[in-house]
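>>> sequence first, then the predicted structure, then my questions.
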Amino acid sequence: MTGNSFGHAFRITTCGESHGGAIGVIIDGCPPNLSITTADIQYQLDRRKPGQSAITTPRNEADVIHILSGVFEGKTTGTPILLLAYNHDMQPEDYESFKHIYRPSHADYSYHLKYGIRDPRGSGRASARETLARVAAGAVAKKYLTEQLNIEILSYVEQVGSIRTEMNYQHVTPDAIEQNAIRCPDPKIAPLMIALIEKVQHAGDSIGGIIKGVIRHVPTGLGEPVFDKLSADLAKAMLSINAVKGFDIGSGFDGVGMLGSKHNDAFYLEGNEIHLTSNHAGGTLGGISSGADIYFRVAFKPVSTISIEQQSVTTDHQVCTFNAKGRHDPCVLPRAVPIVDAMAALVIMDHYLRHQALK
């Protein structure tokens, strides 16, 4: 097992490196007769691609997706789907000067220890460019969930550094998220976030923040009661994204300051329907979806590659200093929003198909 696959009933396997020939994904388990086109997938990839604004990396990749199998006359056939996007704007020479240096907070050191070899070109397989494959696969899952089940999945930037929006996630719309380069739906806070990123970018540094994810109209009963809790699989999905250092769901860490009498989500009847007075649990009870909105937060660290001089060590154990060159994001959050969307869609799709098989 090499950790390149994710999911059970709806399973994806990704391949490719940052400066290799292409990034690809195989989707196994997609139901037949789902209408899917390259345009359906391309929209999500365009939200993730580099060079989309002044506060993202200037790498010029169109990230054009190709559907090479599993789709006939615009519909899925139930067989494995192969999606591929070729790399074009590759500049491996940017990494030549420090290919023998372990860059601080990168995977260089751990990869070398594990495999005895590493691809220094943009971190190779450890590059966030791998997430292109996740977004492509997630677009397929998201289309099924939207059309067949009316499930809505959205994510937005809630915080950059210490600047945070207090907008209620229940009022956030997809259109509001796309109104600015940072993908924060708060029109008053978004410019402050962008200004902070621009300041950090000018200094050659980087900054992190928090993305909030929301999943609406989730059917009840998704998730398994022990190791495959829906909340646990969402956590694994989010923590598998590059630069993610934290995850919480519902009240999360804020819940530790509450009393049980305030934190408990009480039940009430409206006709014959059972409802909750609050949703501190975040849409799951015992790891199984309750029918309430699922909401969670994902914490991203500052991007590791910065142009400020740092101390490090070479592969032959010599102390050195270096400053990174190349094309990098000062803040990963705006491009990470569709990645969070995609991973949420993959988890929900997988658990929905597993639940259908159980029934």
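Cool, the structure landed. What you see is a predicted model; the values in this text were computed from it and never measured.

>>> buried stuff in stretch 210-222?
Neighbour counts over stretch 210-222 (16 or more other Cβ atoms under 10 Å) mark 210, 211, 212, 213, 214, 215, 216, 218, 222 as buried. Yep, even glycine has a C-beta here, placed from its N, CA and C like the rest.

>>> what comes into contact with it?
Contact with stretch 210-222 is made by 149-159, 164, 169, 172, 230, 238, 283, 288-300, 333, 336-337, 340-341, 344, 348, 351-352, 355, as judged by Cβ atoms under 8 Å, 6 or more residues apart in numbering.

>>> helices of this structure, start to end?
38-48, 108-115, 131-149, 174-177, 190-202, 230-239, 260-263, 333-358 (DSSP state H).

>>> quick one, grab the pLDDT at residue 57.
Residue 57 carries a pLDDT value of 75.

>>> burial count for it?
Summarising burial for residue 57: neighbours were counted as other Cβ atoms under 10 Å, giving 20.

>>> re the thing from before, can you tell me which of the helices of the chain the model trusts least?
helix 108-115 (a mean of 90).

>>> list only those of the contacts of stretch 210-222 flagged as buried.
151-159, 164, 169, 172, 230, 238, 283, 288-300, 333, 336-337, 340-341, 344, 348, 351-352, 355.

>>> how far away is residue 56 from residue 194?
Distance from residue 56 to residue 194, counting by Cβ to Cβ, to the nearest Å: 11 Å.

>>> quickly list what's touching both of the two.
residue 181.

>>> tell me how far stretch 240-255 lies from the chain's centre.
Here the centre of stretch 240-255 is set off from its chain's centre by 12 Å, with Cα atoms, centre = their mean, to the nearest Å.

>>> just the terminal-to-terminal distance for that stretch.
24 Å (Cα to Cα, to the nearest Å).

>>> among the buried residues of stretch 210-222, which ones are in strands?
Counting by DSSP state E, the buried residues of stretch 210-222 place 210, 211, 212, 213, 214, 215, 216 in strands.

>>> could you dump these to a markdown table with pLDDT?
Formatted as a markdown table, those follow (pLDDT from 0 to 100):
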| residue | pLDDT |
| --- | --- |
| 210 | 98 |
| 211 | 98 |
| 212 | 98 |
| 213 | 98 |
| 214 | 98 |
| 215 | 98 |
| 216 | 98 |
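
>>> for the closest residue to residue 192 other than its chain neighbours, name its beta-bridge partners.
Excluding the flanking residues, the one nearest residue 192 by Cβ to Cβ, 6 or more residues apart in numbering is residue 163, at 5.1 Å. The partner list for residue 163 in beta bridges (DSSP bridges) reads residue 160.

>>> list the contacts of residue 163.
189, 192, 193, 196.

>>> mind checking how far the residue nearest to the third one when sequence neighbours are not counted is from residue 2?
If I follow you right, that is residue 193. Leaving aside its sequence neighbours, residue 193 sits nearest to residue 160 (Cβ to Cβ, 6+ apart; 4.2 Å). As defined by Cβ to Cβ, residue 160 lies at a distance of 34 Å from residue 2.

>>> do residue 222 as well
28 Å.

>>> what residues are up against residue 125?
Per Cβ under 8 Å, 6+ apart, neighbours of residue 125: 16, 17, 111, 119.

>>> chain neighbours aside, what residue packs nearest to the third one?
Leaving out its chain neighbours, the residue that sits closest to residue 111 by Cβ to Cβ, 6+ apart is residue 118, at 4.4 Å.

>>> pLDDT score for that neighbour?
So residue 118 comes in at 83 (pLDDT).

>>> what's the neighbour count on it?
Counted with other Cβ under 10 Å, residue 118 comes out at 22.

>>> what sits against it?
Per Cβ under 8 Å, 6+ apart, neighbours of residue 118: 107, 108, 111, 112, 124.

>>> need the buried ones from these selected in PyMOL.
Buried residues within these, by 16+ other Cβ under 10 Å, are selected in PyMOL with:
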select buried, resi 107+108+111+124
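
>>> and the contacts of residue 118, which two are furthest apart?
Using Cβ to Cβ, these span at most 11.1 Å, a distance reached by 112 and 124.

>>> need the buried residues of stretch 210-222 in CSV with distance to residue 178, can you?
As requested, those are exported to CSV (distance: Cβ to Cβ, whole Å):
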residue, distance to residue 178
210, 19
211, 14
212, 15
213, 16
214, 15
215, 18
216, 17
218, 23
222, 28
